[in-house]
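Asks: Just to be clear, the model below is a prediction. Sequence and coordinates:
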Amino acid sequence: MWRGCKTGHQSPVPFVHSDEVIYCVVPPELEAELFEKLVEYYKENPNVTVIVDRRDGPDRRQGTPPAEAKKRRTTRDRRRARAPGTFPSTDPPAA
């Protein structure tokens, strides 16, 4: 199976189906500097999608947290160990 683009042209990169999708989110301030570089870097990996964060405006979450939840909230040391477990690979699939 070949992966087609929006214009109908076929890409020579074979599509590898995976249930894992990785979104590489670029902040708007760095779009000009990083977006094209990251698209080029991940072009061989169909499981990675590079997007620009375009969220704008006020936070739309409903209400404020209840006082009880605020009391339970703890501030953590940012230097804590990495989360246990495994993470999806960002390497392109083997040909």
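Replies: Received, thanks.

Asks: Do me a favour and get the backbone dihedrals for Thr49.
Replies: Note on Thr49: backbone dihedrals following degrees, to the nearest 10 are phi -120, psi 130.

Asks: Give the burial count for Pro46, as a bare number.
Replies: A count of nearby residues for Pro46, using other CB atoms under 10 Å, gives 18. Bear in mind the C-beta positions are built from the backbone N, C-alpha and C, glycine included.

Asks: no, scratch that, I was asking about Val50
Replies: 19.

Asks: how much space between it and Glu36?
Replies: According to CB to CB, to the nearest Å, Val50 stands 9 Å off from Glu36.

Asks: Mind pulling the model confidence for Arg55?
Replies: For Arg55, the pLDDT comes out at 88.

Asks: Am I right that it is in a helix?
Replies: No - read with DSSP: H, G, I helix; E, B strand; the rest coil, Arg55 is coil and lies in no helix.

Asks: What is the burial count for it?
Replies: 7.

Asks: cool, Val52 as well?
Replies: Neighbour tally, Val52, other CB under 10 Å: 12.

Asks: which residues does it contact?
Replies: By CB atoms under 8 Å, 6 or more residues apart in numbering, the residues touching Val52 are 25-28, 31, 35.

Asks: that's a helix at Phe35, yeah?
Replies: Yes - Phe35 sits within a helix when classified using three-state DSSP.

Asks: From here on, call the first residue 20.
Replies: Right, with 20 as the first residue, what we last looked at is Phe54.

Asks: Isn't it up against Val45?
Replies: Yes - proximity of Phe54 to Val45 meets the contact threshold set by CB atoms under 8 Å, at 5.2 Å.

Asks: What values do phi and psi take at Leu57?
Replies: For Leu57, the backbone dihedrals are phi -70, psi -40 (criterion: degrees, to the nearest 10).
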